[in-house]
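Novice: sequence and predicted model, in that order:
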Amino acid sequence: METIKINRVKVLKGEISPPGDKSISHRAIILGAIASGKSRVSNFCPGDDALRTVEAFRALGINIIESGEKEFEIGGKGLYGLQEPANIIDAGNSGTTTRLLAGLLAGQKFFSVITGDASLRSRPMKRVTEPLRMMGAQIDGRRGGDFAPLSIRGGELKPISYHTPVPSAQVKSAILLAGLYSSGMTEVIEPIPSRDHTERMLKTLGARIETNGARVRIEGGAKLEPFSLSIPGDISSAAFFMVGGTIVPKSEIIIRQVGINPLRTGVIEVLQKMGADLKIMELKEEGGEKQADIVVKSAELKGIEISGEIIPRVIDELPILAVAASQAEGTTIIRDAKELRVKETDRIKAMVEGLRQMGVEAEELEDGMVITGPKKLQGARIFSYGDHRIAMSFIIAGLVASGETIIEDTASIATSFPDFVKLLASLAS
């Protein structure tokens with residue numbers, strides 16, 4: 001089991017470029033595979049999760065060539081060019097690969113099976129398989145299709161209008177991808193809009209798609225055009241440096257070319273509301289996605305409530321925001337985030353447990369947590385439960401803790417941010 005040891009640092013200074021956005025990287029491969037012609041993608045996320053999507057489409061008969069460092073050429077074969085895989089597709093730890101691929105495979109006239117590691121096989125899939133069955137796909141899995149491995153026999157799909165019980169970009173995207181293969185207009189309605197990378201990319205590629213608030217409609221049968229895309233930096237990865245630069249005294253970090261999609265910038269809004277010194281510079285747009293440099297300087301934080309409509313826009317960053325809360329004056333309350341319990345691990349339990357070990361007053365709620373600060377953190381031995389965001393959050397916490405902090409089971413960091421420790425070390429002194 002891999003461990004990482006962290007000690008307090010004096011300051012974080014310098015500039016970094018986070019890895020390419022993981023969510024966009026997945027979608028670039030998926031849509032490139034069903035576009036009509038060759039697409040090119042640069043600044044691809046080097047993490048294992050995104051590379052699982054690459055391997056999945058190679059298994060489905062798509063020629064994907066690594067043309068340079070973090071660059072791929074994708075030989076798209078159109079909507080109906082995929083071929084039946086000769087073996088089971090292994091998605092590893094990637095829920096995005098599993099759920100989005102299930103939506104795409106629902107429209108294919110062949111048989112396929114998707115599985116993954118122990119963590120992935122414990123994550124709920126019924127939220128995806130249920131609407132896909134309503135569209136006409138034959139899908140089975142463990143416990144009635146609620147858990148992988150999933151077997152999928154696709155074919156003729158019918159359009160549906162589907163209300164998702166929780167906001168989920170993965171569920172929405174799976175239905176929209178299946179909708180490309182339906183004869184008519186497929187509609188997804190969410191309680192609150194989730195991230196919209198799929199919709200933006202589909203529109204850019206020529207799909208007939210309409211968005212109105214939390215309602216998205218797509219018409220089947222569109223021909224998708226090939227594309228060339230430089231993927232912006234991943235804001236979820238950048239968030240660790242935003243918090244590190246905020247809580248380590250006298251720090252200043254420039255984070256280059258970060259994607260600032262409006263449905264992903266919740267972490268910036270929350271940190272600014274807490275009192276963080278964050279500035280957005282050099283704004284530009286490519287492929288329907290905005291990106292910018294973010295300058296962060298150390299600042300005093302205050303406790304706030306994080307709940308309601310902002311939660312879907314900050315769900316992946318809540319673990320590192322819990323670390324920020326431990327250094328904020330007063331109480332921070334996180335609510336409406338029950339989805340944290342069905343991620344790679346139960347992130348509510350893992351964060352509260354680890355923060356308590358470091359001397360923080362923290363309490364679990366059914367749908368969130370209560371954290372009171374500021375606390376002088378004490379070095380401790382933290383178990384990450386094989387969750388990359390838990391591991392990286394406590395590495396950042398260790399930067400301001402007295403004594404040595406040891407984070408166990410850290411191999412999972414490679415799923416999204418293989419160079420995380422290396423980049424962090426380049427800033428520390």
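Specialist: Thanks, I have it. Bear in mind the structure is a predicted one, so any value in this text is a computation, not a measurement.
Novice: how about A428: what's its closest non-neighbour residue?
Specialist: V9 (4.3 Å; Cβ to Cβ, 6 or more residues apart in numbering). C-beta: built from backbone N, CA, C; applies to glycine.
Novice: list the contacts of that neighbour.
Specialist: V248, L399, A428, S429 (Cβ atoms under 8 Å, 6 or more residues apart in numbering).
Novice: quick one: it from A325, how far?
Specialist: According to Cβ to Cβ, to the nearest Å, V9 and A325 sit 20 Å apart.
Novice: show me what counts as buried in stretch 41-61.
Specialist: The neighbour-count check on stretch 41-61 (16 or more other Cβ atoms under 10 Å) flags 41-57, 59-60 as buried.
Novice: meant to ask about stretch 297-311, not that
Specialist: For stretch 297-311, the neighbour count (16+ other Cβ under 10 Å) marks S298, A299, L301, G303, I304, I306, I310, I311 as buried.
Novice: what strand or helix carries G244?
Specialist: Here G244, judged by DSSP states H and E, is contained in helix 235-247.
Novice: which other helices and strands contact that helix?
Specialist: With contacts taken as 3 or more Cβ pairs under 8 Å, 6 or more residues apart in numbering; DSSP states H and E, helix 235-247 sits against strand 252-259, helix 266-274, strand 277-286, strand 289-297, helix 318-326, helix 388-398, helix 420-427.
Novice: of all those, which one is nearest I30?
Specialist: Comparison of the helices and strands packed on helix 235-247 against I30 by Cβ to Cβ identifies strand 289-297 as nearest, at 15.8 Å.
Novice: so which of the contacts of V9 wins on neighbours?
Specialist: L399 (24 neighbours; other Cβ atoms under 10 Å).
Novice: how close does the spatially closest residue to that residue that is not a sequence neighbour get to I306?
Specialist: Nearest residue to L399, sequence neighbours excluded (Cβ to Cβ, 6+ apart): V9, at 5.0 Å. V9 sits 27 Å away from I306, going by Cβ to Cβ.
Novice: sorry, back to before: and which of the contacts of V9 is nearest to V128?
Specialist: Closest to V128 out of the contacts of V9 is L399 (37.7 Å), distances taken as Cβ to Cβ.
Novice: ok, now how distant is the closest one from E408?
Specialist: From L399 to E408 the distance is 18 Å (Cβ to Cβ).
Novice: one more: F57?
Specialist: As judged by Cβ to Cβ, F57 and E408 stand 34 Å apart.
Novice: please apply the same query to D117.
Specialist: D117 is 17 Å from E408, by Cβ to Cβ.
Novice: cool, and A118?
Specialist: Taking Cβ to Cβ, one finds A118 at 17 Å from E408.
Novice: same thing with R133?
Specialist: Counting by Cβ to Cβ - R133 and E408 are separated by 40 Å.
Novice: just how off-centre is the helix or strand hosting S151 within its chain?
Specialist: Using DSSP H and E, S151 sits in strand 147-153. Taking Cα atoms, centre = their mean, to the nearest Å, one finds strand 147-153 lying 22 Å from the centre of the chain it belongs to.
Novice: quick one: mean pLDDT for that strand?
Specialist: Here strand 147-153 scores 96 as its mean pLDDT.
Novice: alpha carbons only: can I get it in CSV?
Specialist: The C-alpha coordinates for strand 147-153 follow below in CSV (Å, rounded to 0.1, in the frame of the first residue of the first chain):
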residue,chain,number,x,y,z
PHE,A,147,-24.1,-2.5,-9.7
ALA,A,148,-21.4,-3.5,-12.2
PRO,A,149,-20.6,-5.6,-14.0
LEU,A,150,-23.2,-4.4,-16.4
SER,A,151,-24.2,-6.4,-19.5
ILE,A,152,-25.7,-4.3,-22.3
ARG,A,153,-27.4,-5.4,-25.5
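Novice: counting by contacts, list what it packs against.
Specialist: Judged by 3+ Cβ pairs under 8 Å, 6+ apart, the packing partners of strand 147-153 are helix 95-105, strand 111-115, strand 138-141.
Novice: okay, the ones you listed in TSV with mean pLDDT and distance to M392 next?
Specialist: Converted to TSV, the helices and strands packed on strand 147-153 look like this (pLDDT from 0 to 100; distance: least, Cβ to Cβ, whole Å):
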stretch	mean pLDDT	distance to M392
helix 95-105	97	18
strand 111-115	98	26
strand 138-141	96	30
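Novice: identify, out of those, the most deeply packed stretch.
Specialist: Per-stretch averages of neighbours, counted by mean count of other Cβ atoms under 10 Å, single out helix 95-105 among the helices and strands packed on strand 147-153, with a mean of 27.
Novice: now that one against strand 111-115, angle please.
Specialist: For helix 95-105 against strand 111-115, the angle by axes from the mean of the first three to the mean of the last three Cα atoms, to 10 degrees is 170 degrees.
Novice: now for helix 95-105, which elements pack on it?
Specialist: Using 3+ Cβ pairs under 8 Å, 6+ apart: helix 95-105 touches helix 22-34, helix 48-59, strand 111-115, helix 126-134, strand 147-153, helix 169-179.
Novice: before I go, just wanted to say thanks for your time.
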